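Asks: give me coordinates for this.
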Amino acid sequence: MRCDGAVPRVSVRIEPESITVKSEKGDSTIKWSAVKTVWKFPDVVLLFWDKKNSLDHAFAVPAALLGEETKEFIENKVRENGGQVA
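Replies: Numbering: from 1, shown residues only. Predicted coordinates for the structure are as follows:
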């Protein structure tokens, strides 16, 4: 894969009631109650909202940027709100 131009920058803010993703194209805030599924991989954590497994309704967070405490927080918030962690 090749990137022509500037490397995209994304920031993620994790709060008690929501998660916000910001980029140069805009920002989205998703309440934990809307997150249906979390898939955990060694390099990335995928969060799906609205539909359990649709990549059209998901965003990825690099796992290296999340400490173990933050990963546990995400998992707990999703489970508390009826979602699944895989």
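
Asks: what element comes up after the helix or strand bottoming out on mean pLDDT in the chain heading to the C-terminus?
Replies: The least trusted helix or strand in the chain, going by mean pLDDT, DSSP states H and E, turns out to be strand 58-62, with a mean of 86. For strand 58-62, the succeeding helix or strand toward the C-terminus, using DSSP states H and E, is helix 68-80.

Asks: and the next helix or strand after that next one, what does it pack against?
Replies: Sequence order places strand 84-85 as the next helix or strand after helix 68-80, per DSSP H and E. Other helices and strands packing on strand 84-85, by 3 or more CB pairs under 8 Å, 6 or more residues apart in numbering; DSSP states H and E, are strand 35-40, helix 68-80. Every C-beta, even on glycine, is put in place using the N, C-alpha and C of the backbone.

Asks: and strand 84-85, average pLDDT?
Replies: Averaged across strand 84-85, pLDDT comes to 94.

Asks: neighbours of the spatially closest residue to residue 84 that is not a sequence neighbour, how many?
Replies: Excluding its sequence neighbours, the residue lying closest to residue 84 (CB to CB, 6 or more residues apart in numbering) is residue 37, at 5.0 Å. The number of residues packed near residue 37 is 19, by other CB atoms under 10 Å.

Asks: and the pLDDT for residue 37?
Replies: pLDDT, residue 37: 92.
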